[in-house]
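*Asks:* Here's my sequence, what's the structure:
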Amino acid sequence: MITEYGKAVRKARITLGITMSQMAKELECSLSYMSAMENGKRPIPIEYVKMTEAYFVRMGLLENLNLKALADLSNQCVCLKDLKTDVQRLIVEIAQTELSDDDVRKMNEILTNAKNR
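*Replies:* The predicted structure is shown next:
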């Protein structure tokens, strides 16, 4: 099943009129590898995400696709390595806590406000 990451990449390719084959050739990876990442059959390395974002910018797509977040969702993991310790702890606590729909809604509001600052 195509992942959220795969959907965003596919939509960007269609917008730009680029085939998966053309993109695979440009990024120097096999078509089957690219397809496996987009369909959740292989993890999506951060290096590949960066190459994909740079490729889309070179091709004229200036929209921020938020591919790193979508890759994290597709990979079902988030790298904590470069985050401050307090942020790491917060993420771990959130991941280990049973949250209600209302809790999630409130947290989304807080994050949206933080991003807009």
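*Asks:* Count residues in the vicinity of E26, would you?
*Replies:* Around E26 there are 13 other residues, counting by other C-beta atoms under 10 Å. For every residue, glycine as well, the C-beta is placed using N, CA and C.
*Asks:* got a list of what the spatially most central residue of the chain touches?
*Replies:* Centroid-nearest residue in the chain, with C-alpha atoms, centre = their mean: L70, separated by 2.3 Å. By C-beta atoms under 8 Å, 6 or more residues apart in numbering, the contact list for L70 reads T3, E4, Y5, A8.
*Asks:* And these, which two are furthest apart?
*Replies:* Greatest spacing in the contacts of L70, by C-beta to C-beta: T3 and A8 (8.9 Å).
*Asks:* which helices and strands does the lengthiest helix in the chain pack with?
*Replies:* When the chain is parsed with DSSP state H, its longest helix is helix 101-115. Packing partners of helix 101-115 (3 or more C-beta pairs under 8 Å, 6 or more residues apart in numbering; DSSP states H and E): none among the helices and strands.
*Asks:* Tell me the secondary structure at I2.
*Replies:* Classification of I2 using DSSP: H, G, I helix; E, B strand; the rest coil returns coil.
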